[in-house]
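J.: dropping a prediction and its sequence here:
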Amino acid sequence: MVFPKDKVDYSLYLVTDSGMQPEGTTLYSQVEAGLQNGVTLVQIREKDCETIDFIKEGIAIRKLCTKYNVPLIINDRIDVALAIDADGVHVGQEDMPIPLVRKIVGPDRIIGWSVGKAEEVKQLAEWGPDYVDYIGVGTIFPTLTKKNPKKSPMGPQGAIKVLDALETYNATWCKTVAIGGLHPNNIPRVLYQCVSSNGKRALDGISLVSDIMASKNAAGSAKILRDLINGTSFKYVPNSLVSTKNLPTTNDMADIIKTVSKNRPLVQHITNKVHYNFGANVTLALNSSPIMSEIESEVGELSLIPYATLLLNTGTIAPIDTVKSALRAYNDAKRPIVFDPVGYSSTTTRLVLNDTCLSFGQYACVKGNSSEILSLANLSTEKMKGVDASSDNMDLSLLIKATKAVAFQFKTVVVCTGETDVIADGTNSGDYQLSKGTGNIPDDLMCVTVNGGPIPIMGDITASGCSLGSTIASLVGGSDTHSLFYSVITAVALYKAAGKLASTRCKGSGSFHVELIDALYELSHNVDPTKWDVKISAS
Ligand SMILES: Cc1nc(C(=O)O)sc1CCOP(=O)(O)O
Ligand SMILES: C=C1C=NC(C(F)(F)F)=NC1=N
Ligand SMILES: [Mg+2]
């Protein structure tokens, strides 16, 4: 009797590896510890094993899985699967073709397939519901477990593309598990971000090898994983992520700014050289404490300083290992990170670097100019130039659409800067739901615009966009448990109001630099947003 397909729980899927168990443990004991602490599906994966040994191991694990009423899958070796009466098989793209696998194992056994791209989803959809029952979506993050890796890591964004393809080709029956480099420090983010763009589909499970098989405490590791997968909210910052349809009042904004002054956040800048000095002065003007450090060995300590916040600006390309360490440190410390993907996709180097940054961390806010946001949303700037151009020479409704799309994809607050700044809240209140999606779509996201009329001189100085990043980081990092979305809106409105004020007082771009810092200082010390010459509207 084969395990009924509709009863399979894909949520914590252990794939074995006989080469990595620690001293004093066996493959069997690691698997049993997993089964006793929340593993819901087991796959035996042996890449270079004599058949007789594979059969012995298979028979032993078969009995163990039966004892815990958990289905057993065999990787690649269909003959072994049949011989030991496994509940299913998993094959890769280079293994036995799926139609022949189905012909051999019969209609009731589970068939899993490794999928790394949308074309493979098209194929499984064409075969229909009687063939592939689930797919392993990967490789999410780099891993040493899979020898001679053929696929480069796709990150959560790659998994979203596969989920979108399943929706596009209407493969409703097909379940999904993510695999590759999955561990407690990135699983919540994967579960939180990996939702199809129509909001209908999320991952059905997490599949992994080393987190349990190489663990000195496999039972404890499985328990930690079980709790994370059972979770439904990802609190990655102290700020409130509760979505709201209301705009912040002037009192809300005043309170945020006053709270920042009280808390004086440390704002670590990993940024471009041009921005260093001006960004530090903007941060100081806002009652915050800048530190311009790219020293990898200190990011851990900095992230633990009260109200620490990271601003990552890829204008100059900092060493990627320093960047990854910083992202890991601030995410582990649950401190906000603001990301400014400078020149996103303008060169291959920048595209790869920015995509790597985006796949390695959860951001409180992503801020970019219209071309950066449009390319992040995979919308080209060419299509829309000049069409009923707003003052930005771009169709504002397209910018709003793009900002919402990026916010939805990365589950973060996104700012698209221009004469009209667009701010969308994609955090979904920090909630995630295994298998089921968010239930909303990008169009549903709360989005506001901030407009103060043209300030042409803003474009005549260096680091004006970058320093909005410093402003957002200061207000997000210093605002305690205030709404993240409101803190970003307040920062954008404050910066635009200061720019407006400075543009009326300056004599040229040189004095504008100074007047802008003075205006930021003035508006953040004599706090009265009712006097700001900007208009915030829901869009
Ligand atoms: C078995 C396997 N398949 C992958 C794929 O991308 O298809 S990655 C992988 C190994 C995953 O091991 P770990 O959890 O230790 O990173
Ligand atoms: C290469 C593989 C990819 N994915 C999976 C699983 F996650 F189980 F679907 N198993 C594999 N052996
Ligand atoms: Mg920029």
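T.: Alright, I've got the coordinates. Numbering: from 1, shown residues only. Ligands and ions are numbered 1, 2, ... in the order given.
J.: for this protein, longest helix please?
T.: In terms of residue count, the longest helix belonging to the chain (DSSP state H) is helix 484-505.
J.: which single residue of the protein ends up nearest ligand 3?
T.: Gly465 (3.9 Å; Cβ to the ion). C-beta coordinates here come from the backbone N, C-alpha and C atoms, glycine included.
J.: distance of that residue from Leu353?
T.: According to Cβ to Cβ, to the nearest Å, Gly465 stands 18 Å off from Leu353.
J.: over to Leu12?
T.: 33 Å.
J.: where does pLDDT dip in the stretch 301-450 of the chain?
T.: For the stretch 301-450 of the chain, applying pLDDT under 70 flags the ranges 380-394.
J.: what's the answer for the chain, then?
T.: Counting by pLDDT under 70, the chain has low-confidence residues at 380-394.
J.: enumerate the residues of it near ligand 2.
T.: Contact residues of the chain with respect to ligand 2, defined by Cβ under 6 Å from any ligand atom, are listed as 13, 15, 43, 45, 75, 90, 92, 112, 114, 136, 138, 177, 179, 207.
J.: what do you get if the cut-off is 8 Å, keeping everything else the same?
T.: Residues of the chain lying near ligand 2 by Cβ under 8 Å from any ligand atom: 13, 15, 41, 43, 45, 73, 75-76, 90, 92, 112-114, 134-138, 146, 177-180, 207.
J.: where along the stretch 201-350 of the chain do the helices fall?
T.: Taking DSSP state H, counting those that start in this stretch as the criterion, the stretch 201-350 of the chain carries its helices at 210-213, 218-230, 250-263, 273-285, 299-303, 320-332, 348-360.
J.: oh, that last question was meant for the stretch 401-539 of the chain, not what I typed.
T.: Applying DSSP H, counting those that start in this stretch to the stretch 401-539 of the chain gives helices spanning 464-477, 484-505, 509-525.
J.: mind checking the SS state of Tyr13?
T.: At Tyr13, secondary structure determined by DSSP: H, G, I helix; E, B strand; the rest coil is strand.
J.: who touches it in this structure?
T.: By Cβ atoms under 8 Å, 6 or more residues apart in numbering, the contact set of Tyr13 is Val39, Thr40, Leu41, Val42, Gln43, Val177, Ile179, Gly205, Ile206, Ser207, Leu208.
J.: beta-bridge partners for it, please?
T.: On the basis of DSSP bridges, Tyr13 is bridged to Leu41, Ser207.
J.: ok, the closest residue to Ser464 other than its chain neighbours - how many residues close by?
T.: Among residues not flanking Ser464 along the chain, Met458 sits closest, at 5.0 Å (Cβ to Cβ, 6 or more residues apart in numbering). By other Cβ atoms under 10 Å, the residues close to Met458 number 22.
J.: hmm, Lys500 and Met458 touching each other?
T.: No: if you go by Cβ atoms under 8 Å, Met458 and Lys500 don't touch, sitting 9.2 Å apart.
J.: mind checking which of Leu12 and Leu353 has more residues around it?
T.: Neighbour count, other Cβ under 10 Å: between Leu12 and Leu353, Leu12 has more, with 24 against 20.
J.: quick one: the more buried one and Pro156, what's the gap?
T.: Separation of Leu12 from Pro156 (Cβ to Cβ): 18 Å.
J.: again with Gly220
T.: According to Cβ to Cβ, Gly220 and Pro156 sit 26 Å apart.
J.: between those two, who's got more neighbours?
T.: The neighbour count for Gly220 versus Pro156, taken as other Cβ under 10 Å, is higher for Pro156 (25 against 13).
J.: got a list of what the residue of the chain closest to ligand 3 touches?
T.: By Cβ under 8 Å, 6+ apart, the contact set of Gly465 is Asp340, Lys367, Asn369, Thr417.
J.: what's the domain layout of the protein?
T.: Domain assignment of the chain by automatic domain parsing yields the ranges 5-230, 250-538.
J.: of the ones you listed, flag the one that's most buried.
T.: Across these, averaging neighbours per residue (mean count of other Cβ atoms under 10 Å) puts domain 250-538 on top, at a mean of 21.
J.: now render the domains of the chain as JSON lines, adding distance to Tyr236.
T.: Below are the domains of the chain laid out as JSON lines (distance: least, Cβ to Cβ, whole Å):
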{"stretch": "domain 5-230", "distance to Tyr236": "8"}
{"stretch": "domain 250-538", "distance to Tyr236": "5"}
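J.: up against ligand 3, what does this protein have?
T.: Within the chain, the positions lying close to ligand 3 (Cβ under 5 Å from the ion) are Val342, Gly465.
J.: if we go to 6 Å?
T.: Asp340, Val342, Gly368, Asn369, Gly465 (Cβ under 6 Å from the ion).
J.: list just the nearest of those residues to Ala165.
T.: Gly368 (26.3 Å; Cβ to Cβ).
J.: the closest one belongs to a strand, doesn't it?
T.: Yes: applying three-state DSSP, one finds Gly368 inside a strand.
J.: beta partners of it?
T.: What pairs with Gly368, by the bridge criterion (DSSP bridges), is Cys416.
J.: and the residue in the stretch 401-539 of the chain that ligand 1 sits nearest to, what is it in contact with?
T.: The nearest approach of the stretch 401-539 of the chain to ligand 1 comes at Leu434, 18.1 Å away (Cβ to the nearest ligand atom). Contacts of Leu434 were listed using Cβ under 8 Å, 6+ apart, and they are Ser11, Leu191, Ala202, Leu203, Asp204, Gly205, Ile229.
J.: if we can go back for a sec, identify the residues contacting the residue nearest to Ser464.
T.: Applying Cβ under 8 Å, 6+ apart, one finds that Met458 lies in contact with Ser464, Gly499, Ser503, Phe512.
J.: which residue packs closest to Pro149, ignoring adjacent ones?
T.: For Pro149, ignoring the flanking residues on the chain, the nearest one in space by Cβ to Cβ, 6+ apart is Thr139 at 6.4 Å.
J.: ranges for the helices of the stretch 1-150 of the chain?
T.: For the stretch 1-150 of the chain, the helices defined by DSSP H, counting those that start in this stretch occupy 27-36, 51-67, 78-83, 98-105, 118-127.
J.: compare those helices and give me the one nearest ligand 1.
T.: Of all the helices of the stretch 1-150 of the chain, helix 118-127 sits nearest to ligand 1, with 11.4 Å by Cβ to the nearest ligand atom.
J.: got a list of contacts for that closest one?
T.: Against helix 118-127 from outside (Cβ under 8 Å, 6+ apart): 93, 98-99, 113, 115, 131-132, 135, 161-162, 164-166, 168-171, 174.
J.: please apply the same query to stretch 287-305.
T.: 260-261, 264-271, 276, 279-280, 283-284, 308, 310, 318-319, 321-322, 325-326, 329-330, 332-333, 335, 470, 473-474, 477-478, 524-525.
J.: start to end distance for that stretch?
T.: End-to-end distance for stretch 287-305: 16 Å, by Cα to Cα, to the nearest Å.
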